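S.K.: turn this into a model:
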Amino acid sequence: MRNAAKFGSFAALFVSSLLSAADFSGRVVGVSDGDTITVLHDGKGEKIRLHGIDCPEKSQAFGQAAKKFTSDLVFETTVTVDIVDRDRYGRTVGVVNLPDGKVLNRELVGAGMAWWYNRYASQDAVLERLQQEARAARRGLWQEKDPVPPWKWRSQRRKPGV
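M.R.: From the prediction side, this is the model:
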């Protein structure tokens, strides 16, 4: 019986350490674009791709504005990253929590600086609502007559002759 109790507490400790190892806090030391930042983690920079959103590319309308928006909110601040996944480029995909309790991913969509990327976050009703509100208010990229989502823009750029 005593061994079972030891095993149970070991298992709980193991699961707890796995869960806490997934999320981390660190200082933002770089902003690559609107939806990709670098956060110090265990003494080195870790690229974080924001989950559930897609900002315009730097050469698209509002691409530079999205980068500046992100930089103004997080550069040189300490954020908490809730890890969701890793992308095909090896970057950590996550939700970034700001010191004031707001969520960077949501702030970008609400300001019209990013699209809700429903391909990867189809169940995120908050991002969906924030995009609808930004679009209705014509904030940010929604000021454009016919804004092109970055995933379509990237696809068009890869086609020969385009």
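S.K.: what's the neighbour count on the residue nearest to residue 133 when sequence neighbours are not counted?
M.R.: Once flanking residues are discounted, residue 133 sits nearest to residue 110: 6.8 Å by Cβ to Cβ, 6 or more residues apart in numbering. C-beta here means a position set from N, CA and C on the backbone, and glycine is covered the same way. Using other Cβ atoms under 10 Å, the number of residues around residue 110 comes to 21.
S.K.: my understanding was that residue 110 contacts residue 134; is that so?
M.R.: Yes. Look at residue 110 against residue 134 with Cβ atoms under 8 Å: they come within range, at 5.8 Å.
S.K.: any idea which helix or strand carries residue 47?
M.R.: strand 44-50 (DSSP states H and E).
S.K.: which of the residues in that strand are buried?
M.R.: 46, 47, 48, 49, 50 (16 or more other Cβ atoms under 10 Å).
S.K.: nearest to residue 24 among these?
M.R.: In terms of Cβ to Cβ, no member of these lies closer to residue 24 than residue 46, at 8.3 Å.
S.K.: so how far is residue 158 from the spatially most central residue of the chain?
M.R.: The centroid of the chain falls nearest to residue 50 when counting by Cα atoms, centre = their mean (1.3 Å). For residue 50, the distance to residue 158 equals 22 Å [Cβ to Cβ, to the nearest Å].
S.K.: pipe the buried residues of strand 44-50 into CSV and attach pLDDT per row.
M.R.: Output for the buried residues of strand 44-50, formatted as CSV (pLDDT from 0 to 100):
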residue, pLDDT
46, 97
47, 97
48, 98
49, 98
50, 98
